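Participant: Next comes the sequence, and after it the predicted model I'd like to discuss.
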There are 2 protein chains.
Amino acid sequence: MALVVVNVMPKPEILDPQGKAVTGALARMGHEGFSVRQGKRFEIDVTGEVTPGRLAEISEFAEALLANTVIEDFEVIS
Amino acid sequence: MALVVVNVMPKPEILDPQGKAVTGALARMGHEGFSVRQGKRFEIDVTGEVTPGRLAEISEFAEALLANTVIEDFEVIS
C-alpha cells in the first residue's frame, strides 16, 4: 500500500471565496499578515507498486475527476 | 512572503463520504486499486519571516478555525 497525494488549488488568477473568507476571519480575530488560499487534498492509497503507469493513471483521473482544470491546478506527489 | 501549508484530513476512524464517493466513481470508471480520502489544503502566505512564534500562531488558528478537531486532524508544514 503506497500513498500518493493529489493537491488541487484554485488557479492564481481565480477568485477564491473560501480563502478570502478565512483571510477575513483571521484578520477579525487579530491574526494579521496572513493571506489564505483554500484547496483540496486527496490522499490516495494505491494497492501494489506505484509504477510510472499507475502515476500516469492518477494524473489522468485527477484531471478528469478531482480537479476542474478551468479554475483549478493540480499536482500529483508520490 | 513565505508559504506555510496546513493540511486538514478526516481522522482515520471517521467516515469520509467525499472520499468514498471518489473511490466509488474511480472504480466505476475502471480505475481499480485506489482508496481515496479527501481533505483540505490551505496555502498561507505569511508577511515577513516565519518565526517559531508565527508558526505557533498558525497552529493555534488552524486548530480553532481551519480544522474541526473532533473529526479532523491537521498538520502545519513550513
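Facilitator: Thanks, I have the structure now. Numbers count the residues shown, from 1 in each chain, chains lettered A, B, ... in the order given.
Participant: burial count for residue A:36?
Facilitator: For residue A:36, the count of nearby residues is 23 (other Cβ atoms under 10 Å in any protein chain shown). For every residue, glycine as well, the C-beta is placed using N, CA and C.
Participant: Kindly provide the distance from residue A:17 to chain B.
Facilitator: Using Cβ to the nearest Cβ, to the nearest Å, residue A:17 is found at 14 Å from chain B.
Participant: Count residues in the vicinity of that residue, would you?
Facilitator: The number of residues near residue A:17, taken as other Cβ under 10 Å, comes to 9.
Participant: ditto for residue A:38
Facilitator: Residue A:38 has 22 nearby residues by other Cβ under 10 Å.
Participant: Give the bridge partners for it, please.
Facilitator: Assessed by DSSP bridges, residue A:38 has beta-bridge partners residue B:42.
Participant: okay but it is in contact with residue A:23, surely?
Facilitator: No - in this structure residue A:38 lies outside contact range of residue A:23 using Cβ atoms under 8 Å: 9.6 Å.
Participant: Can you name the residues of chain A sitting close to chain B?
Facilitator: Where chain A comes near chain B, counting by Cβ under 8 Å from any Cβ of the partner chain, the residues are A:7-9, A:19, A:22, A:25-26, A:29, A:31-48, A:57-58, A:61, A:65-66.
Participant: Select only the buried ones of those in PyMOL?
Facilitator: Restricted to buried positions by 16 or more other Cβ atoms under 10 Å in any protein chain shown, the PyMOL selection for the residues of chain A next to chain B reads:
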select buried, chain A and resi 7+8+9+19+22+26+31+34+35+36+37+38+39+40+41+42+43+44+46+57+58+61+65+66
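Participant: In strands, which of the residues of chain A next to chain B fall?
Facilitator: Members of these lying in strands (criterion: DSSP state E): A:7-9, A:34-46.
Participant: List just the nearest of these to residue A:72.
Facilitator: Nearest to residue A:72 among those: residue A:8, at 5.2 Å, using Cβ to Cβ.
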